[in-house]
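Novice: next input, structure requested:
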Amino acid sequence: MVLTAGLLSVPAISNKANTIRKETAKEPHEFIFAAICSAARFGQIKAMLGPSAGIRLVRYTSARAIRKKVSAAWIARDYRHRQKHLIRLLAAGIPVLAEAPYLEEISDFDSLQKAACSTSVPAGIALYHRFLPACISARELLSAGRIGKLTSVQVQINQPERDPLLPSYSFLPEAPLLVLLNLLQWLLSQPLLAMRVGRKETATPASAVSNGMSMGAMEDFPVRITTVPNFYENSSAWSMLFIGEKGQIRLGANNLLEIIDTSGAWQRQSGEDLNKASLSIRMCFEDFALAVKEGRQPEGKTTDMLPDCLLLNAMHQSLQTGKGELLVELPFGKAIRL
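Specialist: Residues are numbered from 1 along each chain as shown. Okay, here's the model as predicted:
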């Protein structure tokens, strides 16, 4: 298998929002997504999706979705079974948008990629944060060098359940961390090269990342990751602090974005707003519907899961290394010393 970071450039989504809406609205018939998910998740996403342009969500099984020949399927089943549904639907020629099926084995990723490459229909991963206005703005600011050369990044995970865009699985408590590390790599257009994984004595492979503090490394700077909950009343569900030679950028859940530059004072670009989280979900679905109509791949591609798969695989392996910590070097280049 050839390993690629899958961190490709994103369309200028902030400028394409109205275009996507207009194009999906042109379709005389509804674009029907078969929702393969729990009743609770269906209700949550349907409410947040709202009256999205020309899109309707109906709850089906994968077998019924194939019989009905729906426009596309959206999968949010138990993460351990998503790959099975995804491969089955793609084989039937149904475009699939799936919440990330976290795969602990590289062979599972290979199977998923083989299925995605064997069909001409789009196969996408619902990476909702990429459509959040604050995340798009932060990526543009970082790319433009607004705060100069980066010297470090701090990721703080406080109360992930307060961000409706983050997954919550009892069998995979590290899912929010995987999503945020995927987002971090997209924001900086570069892969995570290494990470220290703390080993727990508890039994499940999914619990290999320690509660507390860990360190990661990107090309030229360290990444500090803190997963001890911060229960201060005004704390964001999560935050990322980008520290540069000329300033800092703080990005948080639900569209929080602040910047400090040469003026020396924090300037709030946008505050937390759950309506923006709903907007990002609508944009994700609408982008996928437009991708199907245009015969292109969506913003979130299956290859974008590779960093998550490799890291989860490393967590699994760390349980078999004995006590202490494991330095995981991901195969995207030469890792710097942590």
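Novice: going by C-alpha atoms from here, please, whenever you check contacts or count neighbours.
Specialist: OK.
Novice: surely Asn254 is in contact with Leu274?
Specialist: Yes - between Asn254 and Leu274 a contact is recorded at 5.6 Å, counting by C-alpha atoms under 8 Å.
Novice: name the residue in the two with the higher neighbour count.
Specialist: More neighbours sit around Asn254 than around the other of Asn254 and Leu274, counting by other C-alpha atoms under 10 Å; the figures are 28 against 17.
Novice: helix or strand for the closest residue to the more buried one other than its chain neighbours, which one?
Specialist: Spatial nearest neighbour of Asn254, chain neighbours left out: Glu272 (4.9 Å); criterion: C-alpha to C-alpha, 6 or more residues apart in numbering. Using DSSP states H and E, Glu272 falls within no helix or strand.
Novice: now do Ile75
Specialist: Short version, using DSSP H and E: Ile75 is in strand 72-76.
Novice: which stretches of the chain have low pLDDT?
Specialist: Low-confidence segments of the chain, defined by pLDDT under 70, span residues 1-29, 52-53, 79, 104, 170-171, 197-215, 228-234, 315-338.
Novice: in it, which helix is the longest?
Specialist: helix 274-294 (DSSP state H).
Novice: distance from that helix to the middle of the chain?
Specialist: In this view, helix 274-294 has its centroid 14 Å away from the chain centroid, taken as C-alpha atoms, centre = their mean, to the nearest Å.
Novice: just want the angle from it to strand 72-76.
Specialist: Counting by axes from the mean of the first three to the mean of the last three C-alpha atoms, to 10 degrees, helix 274-294 lies at 140 degrees to strand 72-76.
Novice: and the residue located most distally from the centre of the chain, its phi and psi?
Specialist: Residue farthest from the centre of the chain, counting by C-alpha atoms, centre = their mean, is Ser263 at 32.8 Å. For Ser263, the backbone dihedrals are phi -70, psi -20 (criterion: degrees, to the nearest 10).
Novice: what does Ser270 give?
Specialist: Note on Ser270: backbone dihedrals following degrees, to the nearest 10 are phi -160, psi 150.
Novice: that one and Ile259 touch, don't they?
Specialist: No - in terms of C-alpha under 8 Å, Ser270 does not count as a neighbour of Ile259; the distance is 10.1 Å.
Novice: need the three-state assignment for Pro191.
Specialist: Reduced to three states with DSSP: H, G, I helix; E, B strand; the rest coil, the structure at Pro191 is coil.
Novice: can you show me the strands along the stretch 101-250 of the chain?
Specialist: If you assign secondary structure with DSSP state E, counting those that start in this stretch, the strands in the stretch 101-250 of the chain sit at 123-125, 150-157, 194-198, 213-217, 222-226, 238-244, 247-252.
Novice: from the contact counts, what lies against the longest one?
Specialist: What it means is strand 150-157. Helices and strands in packing contact with strand 150-157 are listed as strand 222-226, strand 238-244; criterion 3 or more C-alpha pairs under 8 Å, 6 or more residues apart in numbering; DSSP states H and E.
Novice: ok so, going back, show me which of Ser270 and Ile259 is the more surrounded one.
Specialist: Counting neighbours by other C-alpha under 10 Å for Ser270 and for Ile259 shows that Ile259 has the greater number, 21 against 15.
Novice: wouldn't that one be in contact with Gly271 here?
Specialist: No - contact between Ile259 and Gly271 fails when scored by C-alpha under 8 Å: they sit 12.0 Å apart.
Novice: in stretch 125-143, what's buried?
Specialist: Using 16 or more other C-alpha atoms under 10 Å as the test for burial, stretch 125-143 gives 125-139, 141-142.
Novice: tell me, how many residues neighbour Lys114?
Specialist: The local packing count at Lys114 equals 12, with neighbours defined by other C-alpha under 10 Å.
Novice: spit out the contact partners of Val70.
Specialist: Ile32, Phe33, Ala34, Ile94 (C-alpha atoms under 8 Å, 6 or more residues apart in numbering).
Novice: now the residues you listed in JSON lines, with distance to Leu86, neighbour count and secondary structure?
Specialist: As requested, the contacts of Val70 are arranged in JSON lines below (distance: C-alpha to C-alpha, whole Å; neighbours: other C-alpha atoms under 10 Å; DSSP: H, G, I helix; E, B strand; the rest coil):
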{"residue": "Ile32", "distance to Leu86": "17", "neighbour count": "18", "secondary structure": "strand"}
{"residue": "Phe33", "distance to Leu86": "14", "neighbour count": "24", "secondary structure": "strand"}
{"residue": "Ala34", "distance to Leu86": "12", "neighbour count": "27", "secondary structure": "strand"}
{"residue": "Ile94", "distance to Leu86": "9", "neighbour count": "26", "secondary structure": "coil"}
